[in-house]
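Trainee: I would like to see how this sequence folds:
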Amino acid sequence: MGLIGTIYGKWTLFVQSVYDWSLKYAAHPKALWILAAFSFIESSFFPIPPDILLIPMILATPATAYRDAAVCTISSVLGGFFGYVVGMFLYDAVAVPIFTFYDYMEQLEAFKGYYNSYGAWVVAMAGFTPFPYKVITITSGMTGLDLGVFTLASVLSRGARFFLLAFLLKRWGEPMKVFLEKNLGWLATLFFFLLFGGFLAIKAF
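Mentor: Next comes the predicted model:
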């Protein structure tokens, strides 16, 4: 128990440092551009979700919550298009190393066979949940999922996720901020396991 407590303590300190960093950049004059960049790259290759910056930005200035959610949504969808292009045109040079990194190559051929039949639902699920959305954007381009279907599913799912977050934080921001800061360690742990579960779900296909 002592070792577990030490590890959890160090993890909590790390999470706190990330949270403090997020608060710092939430007040940055170019915070909106930083948020847009985070949202864009997360949809194609970056592992850290934009929520880590969106949440403190909304908590700091609730009046701009929906503007921030809109920027996050638009940038994330544009990043999704980039992932789609990677899958379509740069599969061997870029996509293969990414899928190899996620240890997904063996299951990929079987996955491609039925992906397009359920592509809209897969994109929507990945866009709304902690499931690794970047893998889905690349796969959509690689399998040639209809671009209109991909766009609609991405806009609806990413928009629902970020605007729901904006609504909740705008309406109950202060108590949620208190709860977040009080329980930062285990909330980050829960999110980590949800994200890890997403990667496990990938391998299950």
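Trainee: Tell me where the model's unsure across this protein.
Mentor: Low-confidence segments of the chain, defined by pLDDT under 70: 1-19, 21-23, 25-27, 47, 91, 94-95, 102, 104-114, 130, 176-205.
Trainee: can you map out the helices along it?
Mentor: For the chain, applying DSSP state H gives helices covering 2-26, 31-42, 51-60, 65-89, 96-101, 105-115, 119-128, 133-143, 147-182, 184-204.
Trainee: Just the angle for the second one relative to helix 147-182, thanks.
Mentor: Here the directions of helix 31-42 and helix 147-182 differ by 120 degrees (axes from the mean of the first three to the mean of the last three CA atoms, to 10 degrees).
Trainee: Might one say that residue 31 is in contact with residue 58?
Mentor: No - applying CB atoms under 8 Å as the test, residue 31 and residue 58 come out as separate, 11.0 Å apart. To be clear about C-beta, it is placed using only N, CA and C from the backbone, and glycine gets the same treatment.
Trainee: higher neighbour count, those two?
Mentor: The residue with more neighbours, out of residue 31 and residue 58, is residue 58; 28 against 20, by other CB atoms under 10 Å.
Trainee: ok, that one to residue 65 distance?
Mentor: 5 Å (CB to CB, to the nearest Å).
Trainee: quick one: common contacting residues for the two?
Mentor: 166, 169, 170 (CB atoms under 8 Å, 6 or more residues apart in numbering).
Trainee: Switch those residues over to a markdown table; also include neighbour count and distance to residue 140.
Mentor: Output for the shared contacts of residue 58 and residue 65, formatted as a markdown table (neighbours: other CB atoms under 10 Å; distance: CB to CB, whole Å):
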| residue | neighbour count | distance to residue 140 |
| --- | --- | --- |
| 166 | 25 | 26 |
| 169 | 23 | 30 |
| 170 | 18 | 32 |
